[in-house]
Structures are given as structure tokens and as C-alpha cells.
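> Here is my input; please provide its structure:
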Amino acid sequence: MIQMEHLTKSYGRARGVTDLSLHVPEGSCFGFIGPNGAGKSTTIRTLLGLLSPTGGSAKIMGLDCVKNRTAILSQVGYMPSEAMFYPNLRASEVIRLSADLRRRDCRRDAAALCKALELDGKKRIRELSLGNRKKVSIVCAMQHRPRLYVLDEPTSGLDPLVQRAFWSLLEERRREGATVFLSSHVLYEVQRYCTRAAIIREGRLVIEGTVEALDIENKFFDYYEKGAAK
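Below you'll find the predicted structure:
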């Protein structure tokens, strides 16, 4: 589903990601983990064509992420770590706008998602807490039933009951054939819900494999502490 070959993104003298090669199998739930500033969000934004790579290449569904960005985005549900919406719109209006931009009638799925997440669509964005704005972002990413979900820190700000509902919805979509690629700081979530995982540190991939084969928690702190020692 996702192929990265020596993907590099630099910001002049600042580091982004360097020589990143990673394959995400179709139908998997892939956890992308690392400390703050490791390059997770840069990788995601480069994959989606929001940033131009400095070197290497990336493909989603066999399509080049630079040349075929529009075609790719039509089949992707993207959830940024910090979603920004028009503050005076109601939550339901933002959700409908997201569907209209895709020229899709998503009313049935949107209603089901709002119910599962206990989201009040009548409230304006400026009236919503961080957690409820996060719910709006989830609905916008899931209502059109994409083939691929790209989620950047999706559960931050959500209370435990909503987190459980979110993972239940995501697992249901994966059983239907969708692929999930998500970044997270919550190690137990990766261990519990992901089938494969990778750890990135200082813009470089340090380890990747099945969740069963990786001792994620120990390896994460091991690599994190090595980086901090430097």
C-alpha cells in the first residue's frame, strides 16, 4: 500500500527525514513511533504531497506521491495531529463540507460515526474542546470509507471511552480491507492494535517488523535514550 525508497526531506540545515525506506503492506495496521521531532509528521506530510521530498521516492497504491497526489488523496483519509477548522461553522457543517469537497454523499456514515463518538454536530467549532475537535477530524477522515487511513497522533486529547470507540471503528474498517498507517506516542496502543511497527529517531528508521517480533517498549526507550545521550 505504501512504498518509501530512500525518502529524504531536509529543510536547509535543519533535519527532516533521511534515507527512509519502508513498506506498509495492504490490509495492515502499521504503527509509526518515535519521540517528538523524530520526523513522523514530516514523513506523513511528504507521503501526502503536502511537502516535496528532497530525495528518494514514495508511492501509495502504486502511484507516485508527487505526480499523482490528487488521485491518491481521493482514496486516503488523513487526520493531522492538530486539525484546524473554521471556528464559526458548526461541527456538522464542517463534516458536510469535507464530504462535499470529495463530491460524496457521506451522510449515513457521518451520522453513524458521530453517534459512536458521541459528537454533537450542532455546536460550533469554537465551542468545542480539544477532544471534540478531534472527533470532528476523525469523522472527516473516515466518513468516505477510504482505502488508506493516514493518522497523525489520532488519540491524543480523547478520553479513554472515546479512544476505545475509535479503535473499534478503525478495526472494523481494517476487517473490511482498509489499510491503516498511524503515528503514535502511546506504545500500548501500537502493541495492542497494530500488526507491524517501525521506530524512527532523528529522521532515520532504526527498526521495523511485526509487533509480535518487536519488543516495542524496551526498544523504543533504548533508542530514545541513545539519542538523548548524544
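> List the contacts of the helix ranked longest in the chain.
In the chain, assigned by DSSP state H, the helix with the most residues is helix 160-175. If you take Cβ atoms under 8 Å, 6 or more residues apart in numbering as the criterion, helix 160-175 is touched by 27, 29, 113, 116-118, 131, 135, 138, 142, 145, 149, 154-155, 158, 180, 189, 193. The way it works is simple: take the backbone N, C-alpha and C, and place the C-beta from them, glycine included.
> pLDDT below threshold where in this protein?
Applying pLDDT under 70 to the chain flags residues 215-230.
> Nearest the middle, which residue of it would you pick?
residue 151 (1.4 Å; Cα atoms, centre = their mean).
> separation between that residue and residue 196?
15 Å (Cβ to Cβ, to the nearest Å).
> Surely the residue nearest to the centre of the chain forms part of a strand?
Yes - under DSSP: H, G, I helix; E, B strand; the rest coil, residue 151 falls within a strand.
> the helices in the protein, which residues?
40-47, 69-73, 91-101, 107-117, 130-142, 160-175, 187-193, 216-229.
> if we compare the ones you listed, which one ends up closest to residue 13?
Among the helices of the chain, helix 40-47 comes nearest to residue 13, with 15.0 Å by Cβ to Cβ.
> Kindly spell out which helices and strands sit in contact with the closest one.
On a contact count with 3 or more Cβ pairs under 8 Å, 6 or more residues apart in numbering; DSSP states H and E, helix 40-47 meets strand 2-11, strand 14-24, strand 29-33, strand 55-60, strand 148-152, strand 179-184.
> Mind putting the ones you listed into CSV with distance to residue 165?
Output for the helices and strands packed on helix 40-47, formatted as CSV (distance: least, Cβ to Cβ, whole Å):
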stretch, distance to residue 165
strand 2-11, 26
strand 14-24, 25
strand 29-33, 16
strand 55-60, 27
strand 148-152, 15
strand 179-184, 16
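> Ok, which of those strands comes nearest residue 87?
strand 148-152 (21.3 Å).
> Next, the angle from the closest one to helix 40-47.
Inter-element angle recorded for strand 148-152 and helix 40-47: 140 degrees (by axes from the mean of the first three to the mean of the last three Cα atoms, to 10 degrees).
> Strand 148-152 - contacts with which helices or strands?
helix 40-47, strand 76-79, helix 130-142, strand 179-184.
> looking at those, which is closest to residue 15?
helix 40-47 (9.1 Å).
> Please export the C-alpha coordinates of that closest one as PDB.
The C-alpha trace of helix 40-47 is given here as PDB (Å, rounded to 0.1, in the frame of the first residue of the first chain):
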ATOM      1  CA  LYS A  40       7.000  11.300  11.900                       C
ATOM      2  CA  SER A  41       4.800  14.200  10.800                       C
ATOM      3  CA  THR A  42       7.300  15.200   8.100                       C
ATOM      4  CA  THR A  43       7.100  11.700   6.700                       C
ATOM      5  CA  ILE A  44       3.400  11.800   6.700                       C
ATOM      6  CA  ARG A  45       3.100  15.200   5.000                       C
ATOM      7  CA  THR A  46       5.700  14.200   2.400                       C
ATOM      8  CA  LEU A  47       3.700  11.000   1.700                       C
END
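> Okay, buried residues for it please.
Residues 40, 41, 42, 43, 44, 45, 46, 47 are the ones in helix 40-47 that count as buried (16 or more other Cβ atoms under 10 Å).
> Could you find the closest non-adjacent residue to the first one?
I take that to be residue 40. Distances taken as Cβ to Cβ, 6 or more residues apart in numbering place residue 183 nearest to residue 40, at 4.1 Å, with adjacent residues excluded.
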